[in-house]
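Novice: Generate a structure from the sequence data that follows.
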Amino acid sequence: MNFKIERQIESGVFSTVISFVSFGNETMTAEQESKLFSEFGFPEIDLGGAFKGKLKVVDGKVVLSEDHDTEFISFILNSQKVTVDDKFTSEFRIGLGQITSSEIGLILDTDTKIAESKCLLFETEVVKRIEAATQAVVSKASGFSDGYPKELTL
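Specialist: Below you'll find the model as predicted:
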């Protein structure tokens, strides 16, 4: 499955949208992948829960990092179950007015950096959830046909 991530800033509101683009990947054609999910079902993920990570600013951009010079950001969204299929779309929006002064730190030192951080955390976590859910479906089918066809001489 192929997805795209689009970001936008409008009237002080940062948004990120992840949406389905097409079936197919490095190992399956679009037809093969579409058939696989039709037979085994499209997975479901939760767009809510905890979103957290260590972030820093590199060349003016907020990035995830495990370095020591990072700040930890976390937030929680209400549970929202969605099916990962050809109609999949997820959106996260945060207005600059929703960011409190207590969220501003030494590294992520502006409300815009906090908004960008939260969008990045949402994107990263949702992509992980999509990957895990789709891989679980693929693994159901992939082991069944390994080693086949077999030729037997009796």
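Novice: going forward, measure contacts and count neighbours with C-alpha atoms only.
Specialist: Fine.
Novice: doesn't residue 93 make contact with residue 122?
Specialist: No - distance between residue 122 and residue 93: 9.8 Å, which falls outside the contact criterion (C-alpha atoms under 8 Å).
Novice: Let's see the pLDDT reported for the residue nearest to the spatial centre of the chain.
Specialist: Using C-alpha atoms, centre = their mean, the residue of the chain that lies closest to the mean C-alpha position is residue 127, 2.0 Å off. Here, the pLDDT recorded for residue 127 equals 97.
Novice: Tell me how far it lies from residue 133.
Specialist: When distances are taken as C-alpha to C-alpha, to the nearest Å, residue 127 and residue 133 turn out to be 10 Å apart.
Novice: coming back round to it: how far away is the residue nearest to the centre of the chain from residue 31?
Specialist: Between residue 127 and residue 31 the distance is 22 Å, computed by C-alpha to C-alpha.
Novice: Mind listing what's buried along the helix or strand where residue 130 lies?
Specialist: Element membership for residue 130, per DSSP states H and E: helix 111-142. For helix 111-142, burial by neighbour count (16 or more other C-alpha atoms under 10 Å) applies to 111-123, 125-126, 129-130, 133-134, 137.
Novice: With stretch 42-49 instead?
Specialist: Counting neighbours by 16+ other C-alpha under 10 Å, one finds that the buried residues in stretch 42-49 are 42, 43, 45, 47.
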